[in-house]
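> Predicted model, plus sequence, below.
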Amino acid sequence: MVDIKLLDPPNGSITAPLQRYPWMVNEEMPKGNTADGGTLASSCHQADPEAFRYLGEPLLDGSPVTSEDRSLPRAVSFSWDALLDGKGPVSYDLMISQDRDFDDPLILKDLSAPRAEVLHLHIATRYYWKVIARRSGRWLAESATWSFTTHAAPPRWIRVPGTTNVRDMGGWPLPNNRIVRQGVLYRGSELNGHIQITDEGKRVLVHELGIRTDLDLRGNTEEADPALDQNRVRWINIPAVSYHGMLEGEGQQDLRQVLQVLAEESNYPILFHCWGGADRTGTVAFLLHALLGVSRANLIHDYELTSLCIWGERSRSYWKFQHMMTTFAPPGEGTDQFAEQVAAYLLSIGVTQETIEAIRTQLIVDRKDR
């Protein structure tokens, strides 16, 4: 029997962070625990503060930004020794699974070279992998099974050609050794309008991520329209306003409707977005993460990560974001009870306890031992 020697990722290793670009984090921000027992201080590593510019105001003039899109994932690289026996060309199947028995694996078939790059693996997750060699479709050799763990640092960026700022809401650490569930709720920029999703982008959303619901927060003046096949993906348009505007007046009704969509199990996986996935989307993401128990430091960090996309930078110092923050943690009061404060607010505007519990049930899971 011929064995295939695996090379990378090394057996038992932890990958580099799965973000292609870092975003700076205030070093004084408290650090959350990661799945591997370390700390979460940034999405990759401390970036040079001089390399970035915080804006006092987000981009509001409606003009596209032509800066480089840095809201992109880093692939995990796989390699193994080629099987060279002089008897003809060999192809390889790379098998990757979260289960040691390879139930429901991701399979990259018919690779001609002994290497591959794989995007969009879950963060803070142990994977098992092996390689099978074939000649003319027939089994020839098989490797041993190795394992590796993906780095715990959020976010899990998703590359969706034709749009930007797409990331999994999951992966953020929660109290009591829990984590926000991955693979069920995504936030992003618009799919059509000022930019246009490509056919490959649609494939990623519909076939790779399995999106069932496109929750569109754009208003009527933006000519909101579905971009995905409505035979596969339900399009729900709830025009919304951002920041504190969502917390008062008619904005509260929009928020209740959004949360009702998120409470329905049959709607998942869900993608929610506005234009840039920054302000209206950022407000929903902030409230939802806070409700689940994400720390104040990571709420801020997730908000500012939008700065890596093409729509302009977002800063914690922006007055509308500060206003929203202080609604739940007034100056001089503690900031470690966001979940309870946000839940109390939602109950006060007519969101039911059943809706809150349904959302938490959908999105909170125990952190697996790694």
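Yep, that arrived. Numbering: from 1, shown residues only.
> looking at this, Cys339 is in a helix?
No Cys there; residue 339 is Ala. Yes. Assessed by DSSP: H, G, I helix; E, B strand; the rest coil, Ala339 belongs to a helix.
> Verify the stated contact: it with Leu291.
Yes. Using C-beta atoms under 8 Å, Ala339 is in contact with Leu291, at 6.0 Å. Quick note: C-beta positions are derived from backbone N, CA and C, even for glycine.
> Give me the more crowded residue out of these two.
Leu291 (24 against 20; other C-beta atoms under 10 Å).
> just the strands in the stretch 251-370 of the chain please.
Assigned by DSSP state E, counting those that start in this stretch, the strands in the stretch 251-370 of the chain fall at 270-273, 364-366.
> for the residue nearest the centre of the chain, phi and psi?
Centroid check for the chain by C-alpha atoms, centre = their mean gives Asp168 as the closest residue, at 1.7 Å. In terms of degrees, to the nearest 10, the main-chain angles of Asp168 are phi -70, psi 130.
> same deal with the one 4 residues further on?
For Trp172, the backbone dihedrals (degrees, to the nearest 10) come out as phi -80, psi 140.
> for the chain, what are the low-confidence residue spans?
Scanning the chain for pLDDT under 70 picks out the ranges 1-2, 24-67, 330-336, 369-370.
> Domain map for it?
3-15+75-149, 39-73+154-366 (automatic domain parsing).
> With respect to burial, which of those domains scores highest?
Among these, the stretch with the highest mean neighbour count (mean count of other C-beta atoms under 10 Å) is domain 39-73+154-366, at a mean of 18.
> circling back: export the strands of the stretch 251-370 of the chain to a markdown table and tack on distance to Gly245?
Putting those into a markdown table (distance: least, C-beta to C-beta, whole Å) gives the following:
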| stretch | distance to Gly245 |
| --- | --- |
| strand 270-273 | 17 |
| strand 364-366 | 28 |
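> wait, which of these is closest to Gly88?
Nearest to Gly88 among these is strand 270-273; the distance by C-beta to C-beta comes to 45.0 Å.
> Which elements pack onto the closest one?
strand 185-188, strand 213-216, helix 250-263, helix 280-292 (3 or more C-beta pairs under 8 Å, 6 or more residues apart in numbering; DSSP states H and E).
> Just the residues contacting the second one, thanks.
Contacts of strand 213-216 from elsewhere in the structure, counted by C-beta atoms under 8 Å, 6 or more residues apart in numbering, are 190-191, 224, 226-228, 233-238, 258, 261, 267-274.
> Just after that strand, pick out the following helix or strand.
strand 234-237 (DSSP states H and E).
> Quick check: end-to-end length of stretch 187-197?
End-to-end distance for stretch 187-197, by C-alpha to C-alpha, to the nearest Å: 15 Å.
> who wins for proximity to Arg100 among the strands of the stretch 251-370 of the chain?
Across these, the minimum distance to Arg100, taken as C-beta to C-beta, is reached by strand 364-366, at 18.9 Å.
> Direction included, what does the closest one pair against?
strand 178-180 (antiparallel) (DSSP bridges).
> State whether Arg100 is indeed within a strand.
No. Counting by three-state DSSP, Arg100 falls outside a strand, being coil.
> Let me know the helix or strand that Leu94 is in.
Using DSSP H and E, Leu94 maps to strand 91-97.
> What pairs with that strand, parallel or antiparallel?
Using DSSP bridges, the strands paired with strand 91-97 are strand 106-111 (antiparallel), strand 126-135 (antiparallel).
> out of the ones you listed, nearest to Ala297?
When the strands paired with strand 91-97 are compared for distance to Ala297 using C-beta to C-beta, the nearest one is strand 126-135, at 26.0 Å.
> Leaving out sequence neighbours, find the closest residue to Ser71.
Using C-beta to C-beta, 6 or more residues apart in numbering and skipping the chain neighbours, the partner closest in space to Ser71 is Cys309 (4.1 Å).
> And for Gln257?
Per C-beta to C-beta, 6+ apart, closest to Gln257 is Ile238, 5.0 Å.
> these two touch, right, Glu265 and Gln362?
Yes. Using C-beta under 8 Å, Glu265 is in contact with Gln362, at 6.3 Å.
> intersection of neighbour lists for those two?
By C-beta under 8 Å, 6+ apart, no residue touches both Glu265 and Gln362.
> Please identify the helix or strand for Pro239.
Going by DSSP H and E, Pro239 is not in any helix or strand.
> Verify the contact between it and Gly219 for me.
Yes. Assessed by C-beta under 8 Å, Pro239 is found in contact with Gly219 at 4.0 Å.
> any common contacting residues for these two?
By C-beta under 8 Å, 6+ apart, no residue touches both Pro239 and Gly219.
> beta partners for Phe148?
Going by DSSP bridges, Phe148 forms beta bridges with Ser13, Tyr127.
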